[in-house]
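Chemist: Could you work out the structure for the sequence below:
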Amino acid sequence: MSRKVTDKAVDDRPARHVKTIIIGSGFAGLGLAIRLSQQGRNDYLVLERGSDVGGTWRDNTYPGAACDVPSHLYSYSFALNPNWSRSFSKQGEIQRYIQGVAREYNVLDKHLFNCDVTGARWNNATDLWHIESTQGSFTANTVVSAVGALCEPALPDIKGINGFEGEIFHSARWNHAADLKGKRVAIIGTGASAIQIVPSIAPDVTHLDVYQRTAPWLLPRFDRPYTLPERLAFRHIPGFQRLSRAAIYAARETQVVGLAKVPALMQAFELLAKAKLQLEIRDPRLREKVTPSFRIGCKRMLISNDYYPALSRPNVDVITDGIAEVRANSIVTKDGTEREIDALIVATGFHVTDSPTYNTISGKDGRTLAEVFDEIGQQGYKGSTVANFPNMFFLLGPNVGLGHTSMVYMIESQINYIADALSTFDRLGLRTVEVKREVQDSYNKELQRKLVKGVWSTGGCASWYLDKHGNNTTLWPDFTFEFRRLTKSFDVSAYETATVETSSNDLEVVAAQ
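Modeler: Residues are numbered from 1 along each chain as shown. Alright, predicted model coming up:
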């Protein structure tokens, strides 16, 4: 999504009407499409800007791309995969899994690929969403945004970067035509993507400069191929795979105690990370450079077995001086040092709390989602709805993110909530639903109360979890099974509703019984 749509842009084009439109087909959008088909709700359409399903796993094809959640947990509960090759799957295997699920559940004919949604506007006169895309106009009774948080690359605002004459690309838009072998390469960033890229390219490049602003905490990556007996057990022993998945889930969920409730308990993880650092980096000067200055968990905890060894290679330098400017064939740091390079990789993350898509969605008072969030911060209700945006639902909305376990679990919880909301529409004869502002405010007040107790607020770091108001609008501050409980069913009493019989020109809000 890239621009705001005016009334004229919508009204001048014939529109196709669909009862429900889903925007995006990563794990979230695809999962909801499958659920709607299972419910017999066939009047829906998925608008996907890419040429295939997969979302972030389709787009992020950089060297070393892999998941940091174990394979058996990072998958749909209704489509377990007994054929994972290893405990932590790589990008290609995850993408093939998603593609296979889409085929198995026969929902690809409900997708419109290469369809970039450029705007969505609520029409008060018709009680419909009007949607503009690169493949025409649509109207819908309900819209579900399944645009992931990690889909819009964030480019650094560095003087001269647009004038760089060598190869330059973001990690999420990897240029596979660029041959880095024998080149002098720089990478900006030391986040989750960078720690996978650095070990993958370091052996092949002449020299690699790693520009680090903040050192991350690293934990061991307990990754290994599955043995033949294990793979056979996953396929043929009833319940074995679900038991393995449950054990992984339970182990991951124990981290919530330290992350969200008693931050002092994170000391155990920190001791493990420090031991790893001491063991894998022998040079005391390099070790000092890459030792974090904040409590573990305050920023995303990363897992890797080969990042520290890669930094210790003779052809790799870690640069901690800030970048002053990028020149045609070099980078100049603030201490005046100029380092020549042939290629520049930007691994600076994504627009999470300020996604450009927010500028293209206009609510009932004409304000965009970006304008609403700019005023009050990125707030929603159960990560699924936002006041001022009737009949619009969000998958992976505000405060649904996690730093310790599988996002697919949260996605399926939201799918339960949204699917029940659509059933409630039919059962009660509803025309519109909009979360009450006071309900949303109360919900977010409680969220922030919980968040200030967690390591994200007490750990001494600044992170992309926070919005410009200083609030953590990204993470869920409790056990994930608590979120599952909250989203088990659609709580219509939290919403202003209007019935189908209500005149669109004289809307009388009807309290649903």
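Chemist: So residue 266 lies in a helix, does it not?
Modeler: Yes: assigned with DSSP: H, G, I helix; E, B strand; the rest coil, residue 266 falls within a helix.
Chemist: Quick check: the gap between it and residue 276.
Modeler: To residue 276, residue 266 is 15 Å away according to Cβ to Cβ, to the nearest Å. C-beta coordinates here come from the backbone N, C-alpha and C atoms, glycine included.
Chemist: Looking at the two, which is more packed in?
Modeler: residue 266 (24 against 17; other Cβ atoms under 10 Å).
Chemist: any idea how far the more buried one is from residue 404?
Modeler: Using Cβ to Cβ, we find residue 266 at a distance of 11 Å from residue 404.
Chemist: so what sits against both of these two?
Modeler: With contacts defined as Cβ atoms under 8 Å, 6 or more residues apart in numbering, the residues shared by residue 266 and residue 404 are residue 259.
Chemist: which residues in the stretch 151-300 of the chain form helices?
Modeler: Assigned by DSSP state H, counting those that start in this stretch, the stretch 151-300 of the chain shows helices spanning 194-201, 228-236, 240-253, 255-256, 267-280, 284-289.
Chemist: So for residue 96, which of those sits nearest?
Modeler: Nearest to residue 96 among the helices of the stretch 151-300 of the chain is helix 228-236; the distance by Cβ to Cβ comes to 16.1 Å.
Chemist: could you say which helix or strand contains residue 122?
Modeler: Element membership for residue 122 (DSSP states H and E) is strand 117-123.
Chemist: CA atoms of that strand as CSV?
Modeler: Backbone C-alpha positions of strand 117-123 (Å, rounded to 0.1, in the frame of the first residue of the first chain) are rendered in CSV as follows:
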residue,chain,number,x,y,z
VAL,A,117,-3.8,-2.4,-2.3
THR,A,118,-3.2,1.4,-2.6
GLY,A,119,-6.0,2.6,-0.4
ALA,A,120,-9.0,1.7,1.7
ARG,A,121,-11.7,4.1,2.7
TRP,A,122,-14.9,3.6,4.8
ASN,A,123,-18.0,5.1,3.2
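Chemist: So which elements touch whichever helix or strand comes after that strand?
Modeler: Counting by DSSP H and E, the next helix or strand C-terminal to strand 117-123 is strand 128-133. If contacts are counted by 3 or more Cβ pairs under 8 Å, 6 or more residues apart in numbering; DSSP states H and E, strand 128-133 sits against helix 7-11, strand 15-23, strand 117-123, strand 136-145.
Chemist: quick one: low-confidence ranges for the stretch 301-450 of the chain?
Modeler: Where the stretch 301-450 of the chain drops to pLDDT under 70, the residues are 350-354.
Chemist: Which residue ranges of it form helices?
Modeler: Applying DSSP H, counting those that start in this stretch to the stretch 301-450 of the chain gives helices spanning 307-311, 369-376, 407-428, 437-451.
Chemist: Figure out which of those helices is closest to residue 490.
Modeler: With Cβ to Cβ, the closest approach to residue 490 among those belongs to helix 407-428: 4.1 Å.
Chemist: any idea how far the closest one is from the chain center?
Modeler: Relative to its parent chain, helix 407-428 has a centroid offset of 19 Å by Cα atoms, centre = their mean, to the nearest Å.
Chemist: Equivalent analysis for stretch 193-213, please.
Modeler: In terms of Cα atoms, centre = their mean, the centre of stretch 193-213 is found 24 Å from the chain centre.
Chemist: Same check on stretch 246-257?
Modeler: Here stretch 246-257 is found 20 Å from its chain centre; the criterion is Cα atoms, centre = their mean.
Chemist: Just the mean pLDDT for that stretch, thanks.
Modeler: The predicted model assigns stretch 246-257 a mean pLDDT of 96.
Chemist: Would you mind writing the CA trace of that stretch as CSV?
Modeler: Output in CSV follows, covering the C-alpha atoms of stretch 246-257 (Å, rounded to 0.1, in the frame of the first residue of the first chain):
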residue,chain,number,x,y,z
ALA,A,246,3.4,-29.0,23.3
ALA,A,247,6.7,-29.5,25.0
ILE,A,248,8.4,-26.8,22.9
TYR,A,249,5.5,-24.5,23.6
ALA,A,250,5.7,-25.0,27.3
ALA,A,251,9.4,-24.5,27.4
ARG,A,252,9.2,-21.3,25.5
GLU,A,253,6.3,-20.0,27.6
THR,A,254,8.4,-20.2,30.8
GLN,A,255,10.4,-17.2,29.5
VAL,A,256,7.3,-15.0,30.0
VAL,A,257,7.9,-15.1,33.8
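Chemist: Let the chain start at 53 from now.
Modeler: Taking 53 as the first residue, the last one we looked at is stretch 298-309.
Chemist: Go through that stretch and flag the buried ones.
Modeler: 300-301, 304, 307-308 (16 or more other Cβ atoms under 10 Å).
Chemist: Using TSV, lay out these together with distance to residue 94.
Modeler: Formatted as TSV, the buried residues of stretch 298-309 follow (distance: Cβ to Cβ, whole Å):
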residue	distance to residue 94
300	35
301	33
304	36
307	41
308	39
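Chemist: so the helix or strand containing residue 549 versus helix 489-503, what angle?
Modeler: Using DSSP H and E, residue 549 falls within strand 547-551. Angle of strand 547-551 versus helix 489-503, following axes from the mean of the first three to the mean of the last three Cα atoms, to 10 degrees, is 150 degrees.
Chemist: List the buried residues in strand 547-551.
Modeler: For strand 547-551, the neighbour count (16+ other Cβ under 10 Å) marks 547-550 as buried.
Chemist: if we can go back for a sec, which among the helices and strands packed on strand 180-185 is found nearest to residue 355?
Modeler: Where the helices and strands packed on strand 180-185 are weighed against each other on Cβ to Cβ, the nearest is strand 188-197, at 29.8 Å.
Chemist: Sheet-wise, list the partners of the closest one with their directions.
Modeler: Next to strand 188-197 in the sheet, as set by DSSP bridges, lie strand 67-75 (parallel), strand 180-185 (antiparallel), strand 444-446 (parallel).
Chemist: what does it contact?
Modeler: If you take Cβ under 8 Å, 6+ apart as the criterion, strand 188-197 is touched by 62, 65-76, 81, 84, 97, 99, 172, 175, 178-183, 409, 413, 443-447, 449, 470, 474, 477.
Chemist: CA-only coordinates of that strand in PDB, if you can.
Modeler: This file holds the C-alpha atoms of strand 188-197, laid out as PDB (Å, rounded to 0.1, in the frame of the first residue of the first chain):
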ATOM      1  CA  GLY A 188      -9.100  -2.400  -9.900                       C
ATOM      2  CA  SER A 189     -11.600  -1.200  -7.300                       C
ATOM      3  CA  PHE A 190     -13.500  -3.200  -4.800                       C
ATOM      4  CA  THR A 191     -16.200  -2.700  -2.100                       C
ATOM      5  CA  ALA A 192     -16.500  -5.000   0.900                       C
ATOM      6  CA  ASN A 193     -18.700  -5.300   4.000                       C
ATOM      7  CA  THR A 194     -15.600  -6.200   6.100                       C
ATOM      8  CA  VAL A 195     -11.900  -5.800   5.500                       C
ATOM      9  CA  VAL A 196      -9.200  -7.700   7.300                       C
ATOM     10  CA  SER A 197      -5.700  -6.300   7.200                       C
END
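Chemist: Helix 421-428 and that one, what's the angle between them?
Modeler: Going by the same axes, to 10 degrees, strand 188-197 makes 40 degrees with helix 421-428.
Chemist: Done for today, thanks.
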